[in-house]
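Trainee: Sequence isn't available, so here's the structure alone:
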């Protein structure tokens, strides 16, 4: 048993909300070389321990919000340059993960991160596609399967050089594919997912920032997501539709061009790619992460993202105290994702025919049945906004939801594979109701704002939510209730030190000006008659 895979909390209850993320880097990634990126500091930030001892150059600001309950480390699958403390140590990723586990055990033995769930996964460069977060999980044990990671890396990582392995991999698993051939062979991506399904079926592969390479090499298209989900729907059950790296200084948020309110176009566009997949009835979910590499570089030339627990957060309903239980909660779809602590609690359910369904679930009703949608949410009073440097500020750290959109689209069933590339939208999807303060009024004694909405069942469909602090028309941010493409703050040529500081502040202020949450959907299956009534007759 690994200390990192299981919480020390022995209480087993019916379920609880837990928050965290699964895509964060440490100094063991080649592109996270700042000295303050050592593993202990990453965990200090996520779990809010020893924050006052963090170096000043970390730029971490987390006075508000709660510590994470769980985190998965996702250093790049490839050559690792350093150990968890930043000392030079060339290894493959599988061996670097062993070092991570040793370090985590020593920190927990010293009394740190008690009751927290920490798992060593990795960020995988898929063949001919962008990245994915991967956790390889042993179905029969709570031990991290190092040999399984080692085999996967041998077969499916073109960024790990052969000299980083032992001497018997070829004997065990066959010769390695040629690097250049492997890198461009998309079929190997699908093969790798098949391999996980056959060998480690409790694992997951969740594509990261899928639209980052739109129009270029490595683009992740809806047809790719459909194919991966077809192969292993219990492994490829979602994507990072709300990507991290929000302080990035190139392109817009998250180094994406196609990003709206910080959200990937696949999710942000009503009736877009995500809705097309939901319209097939696919249980395919949206998540967020920090994708943290550093916030502002020590030389004050570059910026990247927020520390874990500072800006992005997933809330997941979890039954149990092991990392497998976190994954099962993610797989269930009972989760929602938030920027800037816009909300810190959400209950979203649909009732009809004396039954109830929550996020990720299906409700069966008869045509014409009255259904009731209930939305309950909380917001904190403050979030973690703080200026990078002193400047004229129009942003505050006070939190208030302006409106919540109830979005619905029809479910028409799986499409034929011949349409995977061409059927990219769900034109039945629309905002069916926009709720504002007049709909939720004052909070109850429990602190929740409550909205109820009744609608008659008409056809198979799903409902999902999004909410924001912005009004429906805000110059540069919103138009007619829809988020606009995030503005970039790049400079032509090499920026001066003063321009860099100005850019960091503009990026940070933009992110806290435009905050969002997205829920996962509830599905409704509509029959022509009530089978329960038919049986009674």
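Mentor: It's in. Model, not experiment: these values are computed from the prediction.
Trainee: list the contacts for residue 200?
Mentor: Counting by C-beta atoms under 8 Å, 6 or more residues apart in numbering, residue 200 touches 136, 137, 138, 139, 145, 148. All C-beta spots, glycine's among them, are computed from the backbone N, C-alpha and C.
Trainee: Those residues in helices, which ones?
Mentor: residue 148 (DSSP state H).
Trainee: out of the contacts of residue 200, who's nearest residue 204?
Mentor: residue 137 (7.7 Å; C-beta to C-beta).
Trainee: Give the helix, strand or coil label for the spatially closest residue to the closest one that is not a sequence neighbour.
Mentor: Spatial nearest neighbour of residue 137, chain neighbours left out: residue 202 (4.4 Å); criterion: C-beta to C-beta, 6 or more residues apart in numbering. The three-state assignment at residue 202 reads coil, by DSSP: H, G, I helix; E, B strand; the rest coil.
Trainee: and residue 202, what does it touch?
Mentor: The neighbourhood of residue 202, defined by C-beta under 8 Å, 6+ apart, consists of 137, 138, 139, 324, 327.
Trainee: Distance check, the nearest residue to the last one once chain neighbours are set aside against residue 314.
Mentor: Spelled out, it's residue 327. Closest residue to residue 327 in three dimensions, ignoring its sequence neighbours and counting by C-beta to C-beta, 6+ apart: residue 204, at 6.0 Å. For residue 204, the distance to residue 314 equals 13 Å [C-beta to C-beta, to the nearest Å].
Trainee: Overlap in contacts, the two.
Mentor: Joint contacts of residue 204 and residue 314 (C-beta under 8 Å, 6+ apart) are residue 330.
Trainee: For the residue nearest to the spatial centre of the chain, give me phi and psi.
Mentor: Centroid-nearest residue in the chain: residue 288, 2.6 Å away (criterion: C-alpha atoms, centre = their mean). Main-chain dihedrals, residue 288, degrees, to the nearest 10: phi -130, psi 160.
Trainee: confidence score at it?
Mentor: Note for residue 288: predicted pLDDT of 98.
Trainee: beta partners of it?
Mentor: Beta-bridge pairing of residue 288 under DSSP bridges involves residue 242.
Trainee: Give me the nearest residue to residue 509, chain neighbours excluded.
Mentor: Closest residue to residue 509 apart from its sequence neighbours, by C-beta to C-beta, 6+ apart: residue 395 at 4.9 Å.
Trainee: Kindly report the same for residue 423.
Mentor: residue 415 (5.3 Å).
Trainee: Name the nearest residue to residue 484, sequence neighbours excluded.
Mentor: Closest residue in space to residue 484, ignoring its immediate chain neighbours: residue 477 at 5.9 Å, by C-beta to C-beta, 6+ apart.
Trainee: quick one: that neighbour and residue 485 touch, right?
Mentor: No - applying C-beta atoms under 8 Å, one finds residue 477 not in contact with residue 485, separated by 10.0 Å.
Trainee: For this protein, just list every one of the helices.
Mentor: 39-47, 93-109, 146-156, 169-173, 179-183, 186-199, 222-231, 265-268, 273-279, 323-332, 437-440, 497-513, 531-536.
Trainee: Which positions within the fifth one qualify as buried?
Mentor: Buried residues in helix 179-183, defined by neighbour count with 16 or more other C-beta atoms under 10 Å: 182, 183.
Trainee: Low-confidence ranges, the stretch 151-300 of the chain, go.
Mentor: With pLDDT under 70 as the threshold, the stretch 151-300 of the chain has low-confidence stretches at 249-252.
Trainee: One more: the stretch 401-537 of the chain?
Mentor: 529-537.
Trainee: now the stretch 1-150 of the chain
Mentor: For the stretch 1-150 of the chain, the stretches with pLDDT under 70 are 1-13.
Trainee: Spatially, and excluding backbone neighbours, which residue is closest to residue 72.
Mentor: Counting by C-beta to C-beta, 6+ apart, residue 72 lies nearest to residue 22, which is 3.9 Å off, once chain neighbours are set aside.
Trainee: Name all residues that make contact with that neighbour.
Mentor: 71, 72, 74, 121, 133, 135, 206, 287, 289, 314, 330.
Trainee: of all those, which comes closest to residue 51?
Mentor: Nearest to residue 51 among those, with distances taken as C-beta to C-beta, is residue 71, at 15.5 Å.
Trainee: for that closest one, what are its contacts?
Mentor: Here residue 71 is in contact with 20-22, 24, 42-43, 46-47, 116-119, 308 (C-beta under 8 Å, 6+ apart).
Trainee: which of the residues you listed tops the neighbour count?
Mentor: Of the contacts of residue 71, residue 24 is surrounded by the most neighbours, 32 neighbours in total, counting by other C-beta atoms under 10 Å.
Trainee: Distance-wise, check that residue relative to residue 60.
Mentor: Applying C-beta to C-beta to residue 24 and residue 60 gives a distance of 13 Å.
Trainee: repeat for residue 257
Mentor: 28 Å.
Trainee: neighbour-wise, which of those two wins?
Mentor: residue 60 (21 against 17).
Trainee: give me every residue that touches that one.
Mentor: 45, 51, 54, 295, 307, 310.
Trainee: Also residue 94?
Mentor: 146, 149, 150, 153 are the contacts of residue 94 under C-beta under 8 Å, 6+ apart.
Trainee: of all those residues, which two lie farthest apart?
Mentor: Longest span within those, C-beta to C-beta: 146 and 153, 10.3 Å.
Trainee: Which one's more surrounded, those two?
Mentor: residue 153 (24 against 17).
Trainee: My guess is that one contacts residue 75. True?
Mentor: No - using C-beta under 8 Å, residue 153 makes no contact with residue 75, being 12.0 Å away.
Trainee: what do the two both touch?
Mentor: By C-beta under 8 Å, 6+ apart, residue 153 and residue 75 have these common neighbours: residue 93.
Trainee: give the contact list for residue 41.
Mentor: Contacts of residue 41 (C-beta under 8 Å, 6+ apart): 54, 55, 58.
Trainee: Could you dump these into CSV with neighbour count and distance to residue 81 added?
Mentor: Shown next, in CSV, are those (neighbours: other C-beta atoms under 10 Å; distance: C-beta to C-beta, whole Å):
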residue, neighbour count, distance to residue 81
54, 17, 22
55, 12, 20
58, 19, 20
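Trainee: ok, the residues you listed vs residue 185, which is closest?
Mentor: Using C-beta to C-beta, the contacts of residue 41 come closest to residue 185 at residue 58, 40.0 Å.
Trainee: burial measure for the residue nearest to that closest one when sequence neighbours are not counted, as a count.
Mentor: Nearest non-adjacent residue to residue 58, counting by C-beta to C-beta, 6+ apart: residue 36, 4.9 Å away. Counted with other C-beta under 10 Å, residues neighbouring residue 36 total 19.
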